[in-house]
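Colleague: Would you be able to build a 3D model of this:
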Amino acid sequence: MLWRIAFRNIFRNRRRSLMTLLAIAVGAVALVLFGEFVGFIEVALKVMTIERAGHLAVFRAGYFDFGGGNPAAFGIDDYQQVIRWIAEDPEIKPRLNVITPTVSLGGIAGNFTLNASKTFFGVGLVPSDRERMLRWDEEQVFRRRTWPRFGLRDDDESRGVVGVGLARVLGLCQELGIKNCPPRPPAVTVPASKDEAEPADIAALARAERESSPSQPAADGPRLDLLAATAAGAPNVVSLVVAGAEPQGARELDENFIAMHFALAQKLLYGRGEPKATAIVLQLHHTRDMAKVRARLQALFRERHLDLEARDFIERQPFYSQALEMFDTIFLFIAIIMGIIVLFTVINTMGMSVMERTNEIGTSRALGVRRSGIRQVFVLEGAMLGAMGATVGIVLGQIIAMIFNAANLTWIPPGYAAPVPLRVLTSGIGPLLGGAWLGLVLMATVAAVVPANRAARLKVVDALRHV
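Modeller: Numbering: from 1, shown residues only. Just a heads-up that it's a prediction; the model follows:
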């Protein structure tokens, strides 16, 4: 009987009830759409991080903390054998998508036809492995995505790709056909002191390197000469054919980035010494297996007495965790705002209802209805308003989400240079929808408690003579 009475009372003032329902529905739409957007951003960020950095990376012990200063000193000995041990392990093999060695290094890149040079951060990789990694999409969030050609080939170790900013600084824009790239101004000549090394010294090293490697293929593009220090501390120079320029997500990276063939990076970093890898990257089929594979790797290293350690992408990419925390905080803030709006809207609606039904409340109390009965009726009305408004809002939000996804919009996220699909997540969001519905209903119910208590505390005599 109480449920029936509460349901009928909602429609006694249809206009006011409709406005309250719309306010709750708008709050539900906002929560659902922004929650689905945050869900998509978090999933897309995970995919974009893993497709570039993999799930796990194996380093020599100490590299993660100190290898940035001298990566050559922390190379992995006999890395090919280590890769075979990992790839053939019965626990890791079925979960493994790609395993590939990489080399990280830094040095000076020079275009000495223009007397231009720039420090760089380089990564050596196996091109075919990297292309396979870039196509990993566990969540299928980039179904309509197109992958540009990476510019490197397994059969040509002389080629490399630079950041657009580095190409601009070294005067390669015209040769590479880069649009919207300002021409390099005339160089300002600064007299060098006697104690400073002349750029000609690096150019001479580069010429000597080319003359000692007659088997190197002829250049089909502009060349850069790369200088780095080997593990022994001696300077070493290699020549890089620039196959193209790709924009990077951050300006600092864009003006310093070079991607090259793994073998060329080994030559630059280790010279005539034993070639090594600074890291072995593992990309799995499913992220849920990451903890198991990492535990197995640590056990494998202990069994074979290897001075190696495994790090996951969350440790290696702190921006990932920071971005997740930021979006979760924004969502919590918006949820609180929506909750406050629902709270005061229902309080206002139920307060007006109590004022209009004061005589009715007095009559009910005179007929023997207890204060708890009066309180329950108004609380049930608030809960029903919240349930109906939240249901309408969630259904409407899902319809808007499907229309939004059908528009095939794209955007360029922070730290990324190429446009990617912009969508909202509409699958696997049961907890979000259930939490939004339950939260709004609870807020509406709690909001109804205040006017319900005021109605229950009315004196019978005062309520009966209320005009």
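
Colleague: domain ranges for this structure?
Modeller: 2-46+321-464, 62-306 (automatic domain parsing).

Colleague: who wins for proximity to Glu315 among those?
Modeller: domain 62-306 (7.7 Å; CB to CB). Glycine gets a C-beta too; all of them are placed from N, C-alpha and C.

Colleague: Test my guess that Leu385 contacts Val346.
Modeller: Yes. The pair Leu385 and Val346 qualifies as a contact (CB atoms under 8 Å) at a distance of 6.3 Å.

Colleague: Touching both of those two, which residues are there?
Modeller: Thr20, Ile24, Ala444, Ala448 (CB atoms under 8 Å, 6 or more residues apart in numbering).

Colleague: Looks like the second one contacts Gly389 (just checking).
Modeller: Yes. Ile24 is in contact with Gly389 according to CB under 8 Å; the separation is 2.7 Å.

Colleague: if I look at those two, which residues touch both of them?
Modeller: What both Ile24 and Gly389 touch, as defined by CB under 8 Å, 6+ apart, is the set Val342, Leu440, Ala444.

Colleague: By neighbours, which of the residues you listed wins?
Modeller: Within these, neighbour counts (other CB atoms under 10 Å) peak at Ala444, which reaches 31 neighbours.

Colleague: Which helix or which strand is home to that residue?
Modeller: According to DSSP states H and E, Ala444 maps onto helix 430-456.

Colleague: buried stuff in that helix?
Modeller: Within helix 430-456, the residues that qualify as buried are 432-433, 436-437, 439-441, 443-452, 455-456, counting by 16 or more other CB atoms under 10 Å.

Colleague: before we move on, what about stretch 264-282?
Modeller: Buried, per 16+ other CB under 10 Å, within stretch 264-282: 264-271, 275-282.

Colleague: Just the terminal-to-terminal distance for stretch 278-294.
Modeller: Distance across stretch 278-294, first residue to last, is 18 Å (CA to CA, to the nearest Å).

Colleague: Save the domains of the chain as a markdown table, and put in mean pLDDT and distance to Gly54 too.
Modeller: What follows is the domains of the chain, written out as a markdown table (pLDDT from 0 to 100; distance: least, CB to CB, whole Å):
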| stretch | mean pLDDT | distance to Gly54 |
| --- | --- | --- |
| domain 2-46+321-464 | 85 | 12 |
| domain 62-306 | 82 | 4 |
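
Colleague: Make CSV from those domains and add distance to Phe313 to it.
Modeller: Formatted as CSV, the domains of the chain follow (distance: least, CB to CB, whole Å):
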stretch, distance to Phe313
domain 2-46+321-464, 9
domain 62-306, 8
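
Colleague: Mind checking the ones you listed for the one nearest to Ile314?
Modeller: domain 2-46+321-464 (5.9 Å).

Colleague: Using CSV, write out the CA atom coordinates for the helix or strand where Met133 lies.
Modeller: According to DSSP H and E, Met133 maps onto helix 127-134. Output in CSV follows, covering the C-alpha atoms of helix 127-134 (Å, rounded to 0.1, in the frame of the first residue of the first chain):
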residue,chain,number,x,y,z
PRO,A,127,61.6,-3.1,-37.6
SER,A,128,59.4,-6.1,-38.2
ASP,A,129,59.0,-6.7,-34.5
ARG,A,130,58.1,-3.1,-33.9
GLU,A,131,55.4,-3.1,-36.6
ARG,A,132,53.9,-6.3,-35.0
MET,A,133,53.9,-4.5,-31.6
LEU,A,134,52.1,-1.5,-33.0
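
Colleague: next one: it to chain centre, how far?
Modeller: Mean C-alpha position of helix 127-134 versus that of the full chain (CA atoms, centre = their mean, to the nearest Å) differs by 19 Å.

Colleague: Which strands or helices does that helix pack on?
Modeller: helix 14-53, strand 96-111 (3 or more CB pairs under 8 Å, 6 or more residues apart in numbering; DSSP states H and E).

Colleague: Try it again at 7 Å.
Modeller: strand 96-111 (3 or more CB pairs under 7 Å, 6 or more residues apart in numbering; DSSP states H and E).

Colleague: All good on my end, thank you.
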